[in-house]
Each structure stands twice: as C-alpha cells, then as structure tokens.
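Novice: Got a sequence here, can you build the structure:
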Amino acid sequence: MTNIRILALVAMLLLLGLSCGRTPITIDELDALDAVKQGVELRKQGLLQQAFEQLSEAISLDPELAIAYAERAFVHYLSGNNTSAVEDVGRALKLNSQLPIAYNYRGLIFVSRGETDNAIIDFTRAIQLDPRLQEAYLNRSNLYMANGQLGLSIDDVTAAVTLSPESAELYLLRAQVYLRTETPTEAVPDLEQVLSLTDDEALTLTVKRYLSLLQ
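Specialist: The predicted model follows:
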C-alpha cells in the first residue's frame, strides 16, 4: 500500500469517524484490509500457503478483523484442515455475527462433514444477510440437487443467473438441473442461451449434444 493511498484513506476515514462519533480507523487496520485482499487473490490463484500467510498477517495487524478469520477459515477448508477452519470461522462469527461470507464458508464445512441440514441453514442465513451472495445460492442449490429437491435447486440457480445474466456457465448449470427433472425439455432455452454466450468449442460441442438428444 503506497503512502499516498494510506494518507488519502486515513483522511477520508478520519472525517467519517469524527462525523459518526466513531474511533478513526488506524494504519494497521488499513494494512490488514489490504492483506486480506491480497490473501483472497492468492487463494483464487490456488496459492494456499501464501494466502494463509497474508491472512495471518492481516489478523496480526488487526486481531478484531472478522473477515480475515473467515477468509483464513476458507483457506484451511481448501487445504483439508477442517479443525482449524472451524476454529477460524467461529472466531469470525464471534466478532461479527452478521458476516454473510462466514456463514457461507461454515456451510461448506458442514457439507464436508455430512451435516446437510446445518449447511442449508448456514447458506440460507448467508443469503438473508446478503441477497447478492451468489456463491451461497449455488452452494445451497448443489445440496438441494443432491437431496432430489430439484425445484428448489432450480430456484437457487435462477437467483444466481439473475445476478450474472451473462454467465454461460450458470445457464448450463440450470440446464443440467432441468435435465434431471420429469420435463427435461425445459433445459432447451438455457442450452440455447449458452450457445449465444460462449465461443468455447468444447462447451459448444457438449451443449449441441444435449440439444440433439432433446429435440
């Protein structure tokens, strides 16, 4: 984080803190947020050890930063360390019981432990707190589909599609759920939508095969 960026953010947050009667945010807290952002980017690249180190640095800078614990919990989960994942997500929710992503991550931990009902409760809570949290809809949809609750699964994918209407992958996902229902031809509009949104040859070939079976 550059000195200019730090000073600009501190000035803005200082004014905000004073106007709201809150304690102004510190340099360490700003650096902690920056470390969380870097950690998330490293995790998305599959660099889990580096992501863990960045998120641990964020926690060292700001031990009260709930999102840092939540994101580190997800890194633990991806690394197969569920015990540490549970501990970190618990810390996150103790610090901020209204943190949507923490419920989403805890839901995934519950799934890995076979606790389907608890997972659905957590995904639902995440969605209630943040109706735009797309991954929570998709995670809950997967559980509904696994449980044979195809209508509910379609509803959740539809919510995700509404949030990202240009995503070919989401239309394909909804089509695949429709293909499991008693009316598989309802997948046709979604499959045609996939063709209009992608130029990926492998994906196009797969979709055309589906369509040839349905038409």
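
Novice: Let me see the contact set for Ala32.
Specialist: Residues near Ala32 by Cβ atoms under 8 Å, 6 or more residues apart in numbering: 57-59, 61-62, 65, 68. Heads up, the C-betas are built off the backbone N, CA and C, glycines and all.

Novice: which phi and psi does it have?
Specialist: phi -60, psi -40 (degrees, to the nearest 10).

Novice: and Gly114, helix, strand or coil?
Specialist: Recorded secondary structure, Gly114: coil (DSSP: H, G, I helix; E, B strand; the rest coil).

Novice: Could you check the pLDDT of it?
Specialist: Here the pLDDT value assigned to Gly114 is 95.

Novice: One more: Ile27?
Specialist: For Ile27, the model assigns a pLDDT of 80.

Novice: Give me the subset of the contacts of Ala32 lying in helices.
Specialist: 57-59, 61, 68 (DSSP state H).

Novice: so which of these would you say is closest to Ala168?
Specialist: Ala68 (33.6 Å; Cβ to Cβ).

Novice: The closest one - how many residues pack around it?
Specialist: By other Cβ atoms under 10 Å, the residues close to Ala68 number 28.

Novice: Would you mind measuring from it to Thr181?
Specialist: 42 Å (Cβ to Cβ, to the nearest Å).

Novice: same thing with Leu95?
Specialist: In terms of Cβ to Cβ, Leu95 sits 42 Å off from Thr181.

Novice: Any idea which residue is closest to the centre of this protein?
Specialist: Central residue of the chain (Cα atoms, centre = their mean): Glu135, 4.1 Å from the mean position.

Novice: That one contacts Gly107, doesn't it?
Specialist: No: counting by Cβ atoms under 8 Å, Glu135 stays clear of Gly107, with 9.8 Å between them.

Novice: show me where pLDDT drops low in this protein?
Specialist: Regions of the chain meeting the criterion pLDDT under 70 cover residues 1-25.

Novice: Domain-wise, how is it divided?
Specialist: 1-73, 98-163, 166-215 (automatic domain parsing).

Novice: how about these, which one is nearest Val86?
Specialist: Of all those, it is domain 98-163 that lies closest to Val86, at 6.1 Å by Cβ to Cβ.

Novice: Help me confirm that His76 comes into contact with Ala85.
Specialist: Yes: the pair His76 / Ala85 is scored as a contact, 3.8 Å apart, by Cβ under 8 Å.

Novice: Between the two ends of stretch 178-185, how far is it?
Specialist: Stretch 178-185 has its terminal residues 8 Å apart, counting by Cα to Cα, to the nearest Å.

Novice: Buried residues of it, list them for me.
Specialist: Going by neighbour count (16 or more other Cβ atoms under 10 Å), the buried part of stretch 178-185 is 178-179.

Novice: Just the residues contacting that stretch, thanks.
Specialist: Stretch 178-185 is touched from outside by 145, 150, 154, 186-187, 190, 210, 214, with contacts defined as Cβ under 8 Å, 6+ apart.
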